[in-house]
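>>> I would like the atomic coordinates for the input below:
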Amino acid sequence: MEDLIYLDNATTSWPKPDKVYSFMIDFYQRCGVNPGRSRFDKAIEAGNIVEGLRQRLTRFLGGDATHPEQLCFSYNATDALNLIIQGLLSSGDHVVTTNLEHNSVIRPINHLVRDGGVEATFVPFNAQGYVEPDDIRKAIKPATKLVMVNHGSNVLGTVQPVAEIGRICREKGVIFGIDVSQTAGMVPIDMEQMNVDILAFTGHKSLMGSTGIGGLCVRGDINILHTRSGGTGVRSAFPYHLDEYPYRMEFGTPNILGIASLWAGQEWIAEQGGVEAIHAYEMNLANKLVGGFNNIDGVITYCCDNMENHLATVTMNVEGLEAGDVGIMLDVDFNIAARTGLHCAPLVHKQIGTLDIYGGVRFAMGPFNTEEHMVKAIEAVSEMARRARKMQKMAARK
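Numbers count the residues shown, from 1 in each chain. All right, here's what the predicted structure looks like:
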């Protein structure tokens, strides 16, 4: 398995940088105690890395540097999105979102529509895989409380024009939220310049952290209602969960190991020259992969005609083969790991016409992939397309 070509970085980045592994182990062995609950030295040191990372990630995401406490840690982006959506929407409210969303947005909204008296509008994307800002404008109603948009599609790889959408939301007085699960650590994010009020992030993808850590960042005076409550380590005699950030959105003991991983991930990203340099490297690989796929008869790619404003994520299918079978052959015959199926984003697949054929095959490049990996992936897909054409010819003779 040491020769595995891992092209599933949109699911989780792997491997992590060596310094992430070593820092996690060292920090957890040295002071893996509960931060913010006690005043002995190790608890203070653990608390310092938590608060230091708040400040660092707030700057990294373009949040309000004067209020780093409004960056709150959670289990992952799904957890953060549930906190946001369930904490902002109530009966009579309207929410605008898109067909690009992951189930971590679709399902919480659908539950509120079915059970909570909320109305939702799902805006489609255009033929190139982008949401038109004017379509968001048209979808906003007097009762619209929230617009929630996936910054980068985990299926199509398209990066949405969130600054323009955010400007519309500001004009309309509507809260604008984005899901940066695929983009944080891969492309620059600036909440202020993008007119973003709130975002949800995960740590285990391009931020190079571990699983089980994520969070949300809030700009301005946005009051997300509590949907859970518990220990905060401060003001313990108060009978209700605290309203001030970060306690407003944090509950119980934090994932100190995950926080340590994100701290080391920030160090590593800076050492590579920042997200711009990482993105340029990965997009060079993605362009080579798409160019190779485009020269193979029977291979279909989706929304890859123009790779500007794009992530290093490519979804494709081989005519005559189911996506799941392609994934198995990639693994068994060529030692290549790719993600197949609906990618927890059924509305994307419904719109591009792949829902009824069990989705597609997704290749997602990371910083540890190489041009040689792209060559081998192209050769593997070419061989599978050749096999599919041969089977189709044999079936036609019968």
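>>> any regions of the stretch 101-250 of the chain where pLDDT drops low?
Applying pLDDT under 70 to the stretch 101-250 of the chain flags no residue at all.
>>> what packs against the longest helix anywhere in the chain?
Ordering each helix of the chain by length in residues (DSSP state H) puts helix 371-397 first. Helices and strands touching helix 371-397, by 3 or more C-beta pairs under 8 Å, 6 or more residues apart in numbering; DSSP states H and E, are strand 5-6, helix 275-294, strand 313-318, helix 323-334, strand 336-337. The way it works is simple: take the backbone N, C-alpha and C, and place the C-beta from them, glycine included.
>>> these: which one's closest to Val105?
With distances scored as C-beta to C-beta, the stretch of these nearest to Val105 is strand 313-318 (17.7 Å).
>>> returning to that earlier point: and the angle from the longest helix of the chain to strand 313-318?
20 degrees (axes from the mean of the first three to the mean of the last three C-alpha atoms, to 10 degrees).
>>> any idea of the angle helix 371-397 forms with helix 275-294?
Using the same axes, to 10 degrees: helix 371-397 against helix 275-294 is 30 degrees.
>>> would you list the helices and strands packed on helix 371-397 in CSV and tack on distance to Val118 and mean neighbour count?
Shown next, in CSV, are those (distance: least, C-beta to C-beta, whole Å; neighbours: other C-beta atoms under 10 Å):
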stretch, distance to Val118, mean neighbour count
strand 5-6, 39, 20
helix 275-294, 35, 18
strand 313-318, 31, 26
helix 323-334, 33, 17
strand 336-337, 38, 20
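>>> Tyr21: which of the ones you listed is closest?
That would be strand 5-6 among those, by C-beta to C-beta, at 15.9 Å.
>>> identify each buried residue in the next helix or strand after that closest one, please.
Following strand 5-6 in sequence order, the next helix or strand is helix 18-31 (DSSP states H and E). Across helix 18-31, burial judged by 16 or more other C-beta atoms under 10 Å covers Val20, Phe23, Met24, Phe27, Cys31.
>>> then the helix or strand following helix 18-31 to CSV, C-alphas only?
Later in the chain than helix 18-31, the nearest helix or strand by DSSP H and E is helix 41-60. Taking C-alpha atoms only, helix 41-60 is exported to CSV below (Å, rounded to 0.1, in the frame of the first residue of the first chain):
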residue,chain,number,x,y,z
ASP,A,41,0.7,25.4,34.2
LYS,A,42,-0.2,22.7,31.7
ALA,A,43,-3.8,23.7,31.7
ILE,A,44,-2.7,27.3,30.9
GLU,A,45,-0.4,26.1,28.1
ALA,A,46,-3.2,24.1,26.6
GLY,A,47,-5.5,27.1,26.9
ASN,A,48,-2.9,29.3,25.2
ILE,A,49,-2.8,27.1,22.1
VAL,A,50,-6.6,27.2,21.9
GLU,A,51,-6.8,31.0,22.1
GLY,A,52,-3.7,31.4,19.9
LEU,A,53,-5.3,29.3,17.2
ARG,A,54,-8.5,31.4,17.4
GLN,A,55,-6.5,34.5,16.7
ARG,A,56,-4.5,32.8,13.9
LEU,A,57,-7.5,31.3,12.1
THR,A,58,-9.5,34.5,12.4
ARG,A,59,-6.8,36.3,10.5
PHE,A,60,-6.4,33.4,8.1
